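Enquirer: structure for the following, please:
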Amino acid sequence: MGKHQDRRLTFWQNFIAGGIAGVGSRTFTSPLDVVKIICQVGSKQHTGFIGTFKNVYSQEGLKGFWKGNGVACVRLFPYSAINFAVFNELKKVWTDPETGRMSNFLSLSAGAIAGVVATVAVYPLDMIKTRLTVQVNGQNKYNGIIDAFRVIIKEEGVMALYKGITASILGVIPFGGLQFMSYEILAYVWGKPRSELKGWENFVNGCLAGSIAQTVSFPFDTIRKKMQAQNKKALTSDVDVEFNGLWDCICQTVKRNGVLGLWRGTLANLAKVAPYAGLMFFFNEICKNFYYYRNGYTTSMWKPTPKEGIDQSWSVQEIKAYYAEQKKKEQKKDE
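Expert: Alright, predicted model coming up:
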């Protein structure tokens, strides 16, 4: 393995760090996500970004802004965990051993692959989250996550849990690829080693990376939300167009709202995605720093200052072997 390849975390450590990052960032930005979804679906009760905020608060109070957050976190932990873990495993393999960096194309590819794997794995939970979020207050059809699963499968069949997955996959390919590629590029813009980046710098990088990626893939997200929210047998929300399938949904949305209708809710989206992505990468870096310290590479869990005499290119197995050997030497000295 190359001198510059980063193998300091195991798959499961990247998995846990990614999961915590996803849950933390989602909980902090839940109010913006609720407003974004209502704007995208096209409920007749919303009157734009600010108007939707006012309507949610007047009808449901503060708790309305965290509607669906429980199922979102249940979905986001495995999604974010798989996303970061798969990306980092591919990064270990595809990083140039001489430069310590992936090419932009490989970063794009790794992000896209990670996003697709994570999306397919947890898509039913995303479907449930959307249904719970767009329920009209006082006309709730589902009483929680388990009940939503039961009712949807009973009334619409198992495949209803995968409504809109094609649009989701088409959207996550550019989103996942662009987000990770942008974050990797931005990490080197500051003109100093990546390990020396401060928390706020990682936050800014995440904000920019997420904004770029989500703006490009936003139309796919809009179509996915409309397909998920639609329920022909028992209406759960007033989606503003009627359609049969992915292509018809796109055509009907453009016919009713114009091409820009595919970007309806962009203001709410940009206001939400920037802090969400920023916090996600910020929390992920904090968790990674904790594991670097726990694995014996650094002197502090708060700042990734390398330990003297420790080769940062060692894998977790190699550093464990090193410390085991050091322990044996100390024991021999004491005898």
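
Enquirer: could you identify the helix or strand that succeeds whichever strand or helix holds residue 86?
Expert: Using DSSP states H and E, residue 86 sits in helix 69-94. Proceeding N to C from helix 69-94, the next assigned helix or strand is helix 104-133, under DSSP H and E.

Enquirer: and that next one, which residues are buried?
Expert: Residues 106-119, 121-133 are the ones in helix 104-133 that count as buried (16 or more other CB atoms under 10 Å). Heads up, the C-betas are built off the backbone N, CA and C, glycines and all.

Enquirer: quick one: list the elements packing against the first helix or strand past it going along the chain.
Expert: Moving toward the C-terminus from helix 104-133, the next helix or strand (DSSP H and E) is helix 145-156. Under the contact definition 3 or more CB pairs under 8 Å, 6 or more residues apart in numbering; DSSP states H and E, helix 145-156 sits against helix 69-94, helix 104-133.

Enquirer: helices or strands up against the helix holding residue 86?
Expert: Applying 3+ CB pairs under 8 Å, 6+ apart, we find helix 69-94 packed against helix 11-28, helix 30-41, helix 104-133, helix 145-156.

Enquirer: what angle do that helix and helix 145-156 make?
Expert: Put simply, helix 69-94 runs at 90 degrees to helix 145-156, going by axes from the mean of the first three to the mean of the last three CA atoms, to 10 degrees.

Enquirer: helix 69-94: how far from the chain's middle?
Expert: On the basis of CA atoms, centre = their mean, to the nearest Å, helix 69-94 is displaced by 7 Å from the centre of the chain it belongs to.

Enquirer: same question, stretch 175-182
Expert: Distance of stretch 175-182 from its chain centroid, counting by CA atoms, centre = their mean, is 11 Å.

Enquirer: ok, and what's touching it?
Expert: Under the criterion CB atoms under 8 Å, 6 or more residues apart in numbering, residues 83, 87, 104, 107-116, 118, 208-210, 212-214, 216-217, 220-221, 277 lie in contact with stretch 175-182.

Enquirer: swap in stretch 16-32?
Expert: 9, 33, 53, 65-66, 69, 72-73, 76-85, 268, 271-272, 275-284, 287-288, 290-291.

Enquirer: what comes up buried for that stretch?
Expert: 16-26, 29-32.

Enquirer: farthest-separated two in the residues you listed?
Expert: By the measure CB to CB, the buried residues of stretch 16-32 have their two most distant members at 16 and 31, which lie 26.5 Å apart.

Enquirer: nearest the geometric middle of this structure, what residue?
Expert: Among the residues of the chain, the smallest C-alpha distance to the mean C-alpha position (CA atoms, centre = their mean) belongs to residue 80, namely 5.0 Å.

Enquirer: relative to residue 229, how far out is that residue?
Expert: In this view, residue 80 and residue 229 are 23 Å apart by CB to CB, to the nearest Å.

Enquirer: tell me which residues touch residue 243, please.
Expert: With contacts defined as CB under 8 Å, 6+ apart, the neighbours of residue 243 are 226-227, 230, 249, 251-253.

Enquirer: lowest-confidence one in the residues you listed?
Expert: In terms of pLDDT, the least confident member of the contacts of residue 243 is residue 230, at 69.

Enquirer: just the CA coordinates of stretch 78-95, formatted as CSV?
Expert: Provided in CSV are the C-alpha atoms of stretch 78-95 (Å, rounded to 0.1, in the frame of the first residue of the first chain):
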residue,chain,number,x,y,z
PRO,A,78,-28.0,3.5,7.9
TYR,A,79,-28.1,5.7,4.8
SER,A,80,-25.4,8.1,5.9
ALA,A,81,-23.4,5.2,7.5
ILE,A,82,-23.4,3.2,4.3
ASN,A,83,-22.8,6.2,2.2
PHE,A,84,-19.6,7.3,4.1
ALA,A,85,-18.4,3.8,4.6
VAL,A,86,-18.6,2.7,1.0
PHE,A,87,-17.1,6.0,-0.2
ASN,A,88,-14.2,5.7,2.2
GLU,A,89,-13.6,2.0,1.3
LEU,A,90,-13.4,3.0,-2.4
LYS,A,91,-11.2,5.9,-1.5
LYS,A,92,-8.7,3.5,0.1
VAL,A,93,-8.5,1.6,-3.1
TRP,A,94,-8.6,4.4,-5.6
THR,A,95,-6.3,7.0,-3.9
